[in-house]
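Novice: Kindly return the folded structure for what I paste below:
(one chain, ligands or ions: 1)
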Amino acid sequence: MRYLTAGESHGKQQTTIIEGIPARMPITQDDINESLLRRQKGHGRGKRMQIEKDLVDIVGGVRHGYTLGSPIALVVHNDDFKHWIDVMGEDPIAEDQDIRRVVTRPRPGHADLNGAIKYGHRDMRNILERSSARETTARVAAGAVAKTLLKQLDIEIVGYVKEIAGIKAEEKDLSIAEKARISEESPVRCLDEVAGQQMMDAIDKAKKDGDSIGGVCEVVVEGMPAGIGSYVHYDRKLDGRIAGAVQSINAFKGVEFGIGFEAARKNGSEVHDEILWSEERGYYRRTNRLGGFEGGMTSGMPIVVKGVMKPIPTLYKPLQSVDIETKEPFNASIERSDSCAVPAAAVVMEHVVAFEVAKAILEQFPHDQFPKLKEAVDQYREEVRNF
Ligand SMILES: Cc1cc2nc3c(=O)[nH]c(=O)nc-3n(C[C@H](O)[C@H](O)[C@H](O)COP(=O)(O)O)c2cc1C
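Specialist: Below you'll find the model as predicted:
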């Protein structure tokens, strides 16, 4: 299974094409819209999220509520495009007209300057329109299809916020269903109400100060049988694939599984998870400090992965940069910006993890027809339990 996305931030639409979803899997637009709307929520999001309500148009690969086995094409229209036709339209511009809203001033922390150097663009709008996190809309759409598949295989996944600007949510013993419900009710997707309020205050303060703040998101996957992924090659290790996918989300700077970097400071006896067996559960681990992975494969324990998001780089408080035409220093211009997008990023992370997990499942089991896939996964679960 793979997917590609296309589209510019202020262009006509975001497009996603997914190949490899089995035929005869039930799916509706609502399954995808729910995810898209979740990405747009969150305390600290700017005006754009209010201007546009992202809704998907399924334009290929689905008929009468079922997948066909052909590529699935998804479109999310940019309602705002009508105001941007002169700037972002695909037609050549007349010789007597100037290109509008040219950007010659790269913003620190963005792709602007490196992208301009790489592709030889003097107008950095050609970079920032695509490097913008608007593209995560298309990635969430792909992940929503993956989530729909996982759900029907009894694999649940949820993303939420662990930390914003150094304020940490207290660890709570909650079921995955409770985590999903509580994070949905929290404007910052935090499972700890007290910390959640402090996070909102920190976001408001950052906004007032013209600054931005980052944080840590966590995604949990439950219901994965043991032995998904592989140890035989670097690019078959599922933890490696998930880490790459999470790191590739705009503004993500690091990934941890389970106790993660803390493992460097502990003894082996405090890190590894002892193996137990019971009639009811089959094999399981006494603890889950390694976050559901050993040897690039699932252990059958929940996958627990964290991603670190840096503070958004576009600040109202300007940072110094250099105009590429004049080479003069200037204070980086302010584009419309959020002060904190960590709650939205948790939704994005949930969906990119869902895609990698679903992809690994499809690689391991017969994947042309959904009912056969489901049968094979259920049978495998039974085999694993009695192994
Ligand atoms: C959900 C989400 C929303 C974002 N919103 C903004 C934003 O409003 N303003 C901004 O400057 N950066 C925003 N970013 C981050 C930038 O897109 C990102 O920092 C930039 O593309 C450079 O990539 P890098 O940080 O991975 O190097 C957002 C990221 C995510 C995941």
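Novice: Are we agreed that residue 18 is in a strand?
Specialist: Yes - counting by DSSP: H, G, I helix; E, B strand; the rest coil, residue 18 is located in a strand.
Novice: Near it, how many other residues are there?
Specialist: Neighbourhood size, residue 18 [other CB atoms under 10 Å]: 24. The way it works is simple: take the backbone N, C-alpha and C, and place the C-beta from them, glycine included.
Novice: Per-residue pLDDT of it, please?
Specialist: Turning to residue 18, the model gives it a pLDDT of 98.
Novice: In contact with it, which residues?
Specialist: Residue 18 makes contact with 1, 2, 3, 61, 71, 72, 74, 142, 145, according to CB atoms under 8 Å, 6 or more residues apart in numbering.
Novice: and if we set it to 7 Å?
Specialist: 1, 3, 71, 72, 142, 145 (CB atoms under 7 Å, 6 or more residues apart in numbering).
Novice: From the residues you listed, pick the one nearest the ligand.
Specialist: Of all the contacts of residue 18, the one sitting nearest the ligand is residue 142; the distance, using CB to the nearest ligand atom, is 15.0 Å.
Novice: Helix, strand, or coil at that closest one?
Specialist: Quick answer, by three-state DSSP: residue 142 is helix.
Novice: circling back to that earlier point, switch the contacts of residue 18 over to TSV; also include secondary structure.
Specialist: Listed next are those as TSV, based on three-state DSSP:
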residue	secondary structure
1	coil
3	strand
71	coil
72	strand
142	helix
145	helix
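Novice: Mind checking which of these are buried?
Specialist: Buried members of the contacts of residue 18, counted by 16 or more other CB atoms under 10 Å: 1, 3, 72, 142, 145.
Novice: what's around the closest residue to the third one other than its chain neighbours, how many residues?
Specialist: Take residue 72 and drop its neighbours on the chain: the residue closest to it by CB to CB, 6 or more residues apart in numbering is residue 61, 3.4 Å away. A total of 21 residues lie near residue 61 under the criterion other CB under 10 Å.
Novice: Please see if the longest helix along the chain touches the ligand.
Specialist: When the chain is scanned for its longest helix (criterion: DSSP state H), the result is helix 342-364. Yes - shown here: helix 342-364 in contact with the ligand (CB under 6 Å from any ligand atom) through 344, 345, 348.
Novice: continuing past the helix or strand bottoming out on mean pLDDT in the chain, what's the next helix or strand?
Specialist: The weakest-scoring helix or strand in the chain, judged by mean pLDDT, DSSP states H and E, is helix 48-51 (a mean of 62). Per DSSP states H and E, the first helix or strand lying C-terminal to helix 48-51 is strand 56-60.
Novice: chain center to that next one: distance?
Specialist: On the basis of CA atoms, centre = their mean, to the nearest Å, strand 56-60 sits 20 Å off its chain's mean C-alpha point.
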